[in-house]
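In: next come a sequence and a model predicted from it.
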Amino acid sequence: MDDIISLCKRRGFIYQGSEIYGGLAGTWDYGPLGVALKRNVINAWWKFFVESRDDMYGVDAAILMNPKTWVASGHTATFTDPLVECKECKGRFRADKVNTEGNCPVCGKKAWGEIRQFNMMFTTHVGPVDDESSVAYLRPETAQGIFTNYRNVIDSCYPDLPFGIAQVGKAFRNEISPRDFVFRSREFEQMEIEYFVDPKTWEENFAKLLNDIQEFLSQMGLKKDMIHDLEVPENDRAHYSKRTIDIEFDFPIGRGELLGLAYRTDFDLKNIARESGKNMEYRPKDGSTPFVPHVIEPSFGVERLIMAILTTAYTDDEIDGEKRSYLKLPEHLAPVKYLVSPLLKNKPELVKRAQEVHDKLKSRGESVMWDDSGNIGKRYRKADEIGTPHAIVVDFATLEDDTVTVRDRDTTEQVRVKIDELVK
Ligand code: ATP
């Protein structure tokens, strides 16, 4: 984990949030390469689950929502974690994650206060007056922005059942102890789908979505033997859920939840109908009796997926007796696809030709990095370290026959390729 965290910081993937002011616990900032990686992950998800299908509809709801949303969803009453404080050192812990029979893990004393329930929603105020009636919350999940638009999507798009509504966006949870790099943050991003089905068909739709999730994770480069489906037993499930699978991953910090797949019955739509007074029934196009659909929810965390991708991609090997660490990222996720380099920095004819190759690839919309610093071996290592699949070098032969060397990140093999073929 330490190697990955240090690589992320050194090369501009992920920095600590507000680092310049001493940081803000549980927040992280993405640097230039991190933004590119995150966009590639989100775009791949959107393409896979939304654009390539006929049964999915996208929305992008506001983060601030009417507080009734969180009453209906149950978050106001029950979105809590048990909090316990050490009266000696004032350290705060999740009571279910610390042994309150033993001593405080920070100061070593045994002076536990009472366990109380702590609501994890961040509060803010809408408008200029800070009173009870202006309270709003930063959304703790994107799902409610989907449910509250269910009626709108039906009325504007007339989808056939089953259909899903998808959303990607920020979520905020005032976690008692954020930790393990981006795994448990206070501000993070989710990719969620509410898939609406006829209750008679929930089992087959659940199985299909589970299959889709597995296929998607394999496209992210994750290895099957590091992914585990945990069938959540009834007494650990939310009371309304008839089946939940937590998909766990072997992170360097141990096995942990990567995403969840939950059959939520008609719990959410029924609550919204009650709280809003609006009808949540679906009217089948064949004229049969309207009913409130049931819902199956795949819920992905972007940060945890990125952590799983980096964990899988991080590789140590030895090239010609020299150790190297590199990211074996799938090409479609790599933040930089091509390194372009002139063999020698002080030969204007090589630099000019390399610049042309660089510009052509850029104008084709590729993500390209220019590097003419140090020696060529060092440039390769730097490009490998951030997962660049192809390194192109313009050398003296280029001036003769218009070919360049293209080096493969994983095998380090080099082939000569015509420039025209590379940029066509
Ligand atoms: P955990 O048990 O780890 O707290 P959860 O069961 O509360 O997670 P869900 O409410 O099911 O999580 O949220 C769906 C997904 O959102 C999780 O699978 C995870 O990928 C992501 N997620 C939830 N909380 C966080 C967090 N604090 N930081 C980063 N990602 C998170």
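Out: Arrived safely, thanks for sending. Numbers count the residues shown, from 1 in each chain.
In: can I take it that residue 332 is in a helix?
Out: No: following the definition DSSP: H, G, I helix; E, B strand; the rest coil, residue 332 is coil and is not counted among the residues of a helix.
In: list the contacts for it?
Out: The neighbours of residue 332, taking Cβ atoms under 8 Å, 6 or more residues apart in numbering as the test, are 40, 44. Using the backbone N, CA and C atoms, a C-beta is placed for each residue, glycine as well.
In: need the pLDDT of it.
Out: You'll see residue 332 listed with a pLDDT of 97.
In: now residue 407
Out: 97.
In: so which bits of this structure are right by the ligand?
Out: 173, 175, 184-185, 188, 190, 257-260, 299, 301, 303-304 (Cβ under 6 Å from any ligand atom).
In: looking at these, which is nearest the ligand?
Out: Each of those was checked against the ligand using Cβ to the nearest ligand atom; the closest is residue 301, at 2.2 Å.
In: for the closest one, name its beta-bridge partners.
Out: residue 190 (DSSP bridges).
In: for the stretch 101-250 of the chain, which segments count as strands?
Out: When assigned using DSSP state E, counting those that start in this stretch, the strands of the stretch 101-250 of the chain occupy the ranges 116-119, 122-125, 135-138, 163-172, 187-197, 227-231, 243-251.
In: could you dump the following helix or strand past the last one to CSV, C-alpha only?
Out: This points to strand 243-251. Scanning the chain past strand 243-251 towards its C-terminal end, the next helix or strand to appear is strand 254-265 (assignment: DSSP states H and E). What follows is strand 254-265 as a C-alpha-only set of coordinates in CSV (Å, rounded to 0.1, in the frame of the first residue of the first chain):
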residue,chain,number,x,y,z
GLY,A,254,-6.9,-6.6,3.6
ARG,A,255,-10.2,-7.8,2.1
GLY,A,256,-12.8,-5.1,1.9
GLU,A,257,-16.0,-4.1,0.1
LEU,A,258,-15.5,-2.9,-3.4
LEU,A,259,-19.1,-2.5,-4.4
GLY,A,260,-22.6,-3.8,-3.4
LEU,A,261,-25.4,-5.4,-5.3
ALA,A,262,-28.7,-5.2,-3.3
TYR,A,263,-32.3,-6.2,-4.0
ARG,A,264,-34.2,-3.4,-2.3
THR,A,265,-37.8,-4.5,-3.1
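In: got the angle for strand 254-265 vs strand 227-231?
Out: 50 degrees (axes from the mean of the first three to the mean of the last three Cα atoms, to 10 degrees).
In: when you give positions from now on, start the count at 28
Out: Yep, numbering from 28; the last one is strand 281-292 now.
In: hmm, who's touching strand 281-292?
Out: Residues outside strand 281-292 that contact it (Cβ under 8 Å, 6+ apart) are 207, 210, 226, 229, 233, 236-237, 240, 254-255, 264-265, 267-276, 321-328, 331-332, 335.
In: whichever helix or strand comes after it packs against which elements?
Out: Beyond strand 281-292 in the direction of the C-terminus, DSSP H and E gives the next helix or strand as helix 294-303. In terms of contacts (3 or more Cβ pairs under 8 Å, 6 or more residues apart in numbering; DSSP states H and E), helix 294-303 is packed against helix 95-99, helix 170-174.
In: what's the first one packed up against?
Out: For helix 95-99, the helices and strands in contact under the criterion 3+ Cβ pairs under 8 Å, 6+ apart are helix 294-303.
In: try the last one
Out: For helix 170-174, the packing partners by 3+ Cβ pairs under 8 Å, 6+ apart come out as strand 190-199, strand 214-224, helix 294-303.
In: which stretches of the chain form helices?
Out: Taking DSSP state H as the criterion, the chain carries its helices at 29-37, 59-73, 95-99, 102-105, 170-174, 177-184, 229-246, 294-303, 329-340, 375-390, 403-412, 423-428, 446-450.
In: could I get those helices as a markdown table with mean pLDDT?
Out: As requested, those are arranged in a markdown table below (pLDDT from 0 to 100):
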| stretch | mean pLDDT |
| --- | --- |
| helix 29-37 | 95 |
| helix 59-73 | 98 |
| helix 95-99 | 95 |
| helix 102-105 | 91 |
| helix 170-174 | 97 |
| helix 177-184 | 97 |
| helix 229-246 | 98 |
| helix 294-303 | 95 |
| helix 329-340 | 98 |
| helix 375-390 | 96 |
| helix 403-412 | 95 |
| helix 423-428 | 96 |
| helix 446-450 | 91 |
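In: Throw these into JSON lines and include mean neighbour count and distance to residue 354, thanks.
Out: Supplementary listing: the helices of the chain in JSON lines, determined by neighbours: other Cβ atoms under 10 Å; distance: least, Cβ to Cβ, whole Å:
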{"stretch": "helix 29-37", "mean neighbour count": "15", "distance to residue 354": "8"}
{"stretch": "helix 59-73", "mean neighbour count": "18", "distance to residue 354": "9"}
{"stretch": "helix 95-99", "mean neighbour count": "18", "distance to residue 354": "39"}
{"stretch": "helix 102-105", "mean neighbour count": "14", "distance to residue 354": "37"}
{"stretch": "helix 170-174", "mean neighbour count": "23", "distance to residue 354": "32"}
{"stretch": "helix 177-184", "mean neighbour count": "15", "distance to residue 354": "38"}
{"stretch": "helix 229-246", "mean neighbour count": "16", "distance to residue 354": "17"}
{"stretch": "helix 294-303", "mean neighbour count": "18", "distance to residue 354": "39"}
{"stretch": "helix 329-340", "mean neighbour count": "22", "distance to residue 354": "4"}
{"stretch": "helix 375-390", "mean neighbour count": "16", "distance to residue 354": "20"}
{"stretch": "helix 403-412", "mean neighbour count": "18", "distance to residue 354": "7"}
{"stretch": "helix 423-428", "mean neighbour count": "13", "distance to residue 354": "28"}
{"stretch": "helix 446-450", "mean neighbour count": "14", "distance to residue 354": "23"}
